[in-house]
Structure formats: structure tokens, C-alpha cells
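Peer 1: only geometry, no sequence info:
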């Protein structure tokens, strides 16, 4: 590949766009330690830019598919409805989801997380829905456990989907409150099907242009004599 050719990899998810452009260095058995360090630095940046590498990366993309209309609900239990264990919470969730399906009578997307290790250490469920699918009043009407708190998925014009993705993945399975191997978050099957495939192309420029109707989220670059790397993520603003 010529020196003027860059590899471009782009991932879109709703209004979110992530892109990396790079010229990858080639490792050689004869590399001096100092040369290998610099080559590996570029390679590490390329590897760490993977859009689906960590649970936070993957959940961020799922949340971005809700766009600017995403709403977050915290479903809590009053004492008389509090399940004794994780299985009981899962059972309440399934019954609640079925009630929502019967009520809406059409498919809808969701992401949910069962938690119980922070705050007052009571089981609760975080749920993300589109505002056009359910109102707060409808969620409160259908939820059988107790109280429902609510906030927009994007709290302000400066917010992003990664904040919620980090929050939803903060708890780890412990074998007591959250069984080992249990999924920390779950997205509806239809939501996965809406995620566009990664776009991989070659280009003559390493510059990533952020459109004027978008807000820059993150941008970084790394360059040395052996390779170059540019990364940018940005959010399309609502029209």
C-alpha cells in the first residue's frame, strides 16, 4: 500500500459516527527495540479504536440507535413486590415486557439492565425506550413493582451516549447479587438488526472532516516515522 493511501473504518449508529483512518506500520524481526516501541504505539492505537471492543463500546452503539428521542426509566420495587433474588427479578421483567407488548401491539426496541449492588443495594431495572413508543404515564401504568423514575437518554446538548453506556456497565457479576455469567445489559433483537455494518474503504487523506451540523465528541491523532493514526467521533445534531 502506497504512502499516500489510508485505510478508513467508519461505524454509524443513529446520529453517532465513529471513524478511524490509519497507515499501519509493518513489524520486522530486525527492528531495534526503539523502533518496535514506536511501531507498537501506532498499532495499539489502531487496536484500541475498535468500535465494538468492550462492553461499553457495544452498548454505546446500541444506545445511539435510539437517537435523540431515547428515554431512560429506573424501575424500582416497593417492599411488598421486591423479589428475593435475581431469578425473581428476571421473572418480573419478562412479565412486564409481555405486558408492554400486549399493550402496544407492535414491535418496539429496548435496552435493559438489572442492578442491585450499588445505592441502597436493592434490585432495580434500568430501561431505555423511544419516546414515541411509550410515555412515562404508560410505563408507570404497566410497571407492577413500584416507583418509576425517568430522564432523557441525552441530558443536555453536551451529553453523549457513552456516559450512559459506562453507567450501565459499572456493575460486575459477583455470584451472589448478580450471578456469574449473567449479561449485564440486554438489547432487543430488532435493535441489533438496525446497526449498520462497519464501512471499510481506502482514501488518499488521513483527515477526518466533521460536518458542520455535528458536534465533535472525541478526536485524537498519533504520528511517527513508521505510521499514522487519526480518530474522531461526532454526533449529528437534531434538525
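Peer 2: Thanks, I have it. The model shown is predicted, which means the values in this text are computed figures rather than measured ones.

Peer 1: can you list contacts of the helix or strand hosting residue 141?
Peer 2: If you go by DSSP states H and E, residue 141 is part of helix 136-142. The contact list for helix 136-142, computed with CB atoms under 8 Å, 6 or more residues apart in numbering, reads 71, 73, 75, 96, 99, 100, 103, 127, 129, 148, 150. For every residue, glycine as well, the C-beta is placed using N, CA and C.

Peer 1: pull out the buried members of those.
Peer 2: For these, a neighbour count by 16 or more other CB atoms under 10 Å gives the buried set as 71, 73, 75, 96, 100, 127, 129, 148.

Peer 1: who's in contact with the second one?
Peer 2: Contacts for residue 73 were tallied using CB under 8 Å, 6+ apart; they are 126, 127, 128, 129, 136, 139, 148, 149, 150.

Peer 1: and what of the third one?
Peer 2: Listed by CB under 8 Å, 6+ apart, the contact partners of residue 75 are 96, 124, 125, 126, 127, 139, 143, 145, 146, 148.

Peer 1: a strand runs through it, doesn't it?
Peer 2: Yes. Note on residue 75: a strand contains this position according to DSSP: H, G, I helix; E, B strand; the rest coil.

Peer 1: from residue 128, how far out is it?
Peer 2: Per CB to CB, to the nearest Å, residue 75 is found 12 Å from residue 128.

Peer 1: likewise for residue 159?
Peer 2: From residue 159 across to residue 128, the span is 14 Å (CB to CB).

Peer 1: and for residue 66?
Peer 2: When CB to CB is applied, the distance between residue 66 and residue 128 equals 6 Å.
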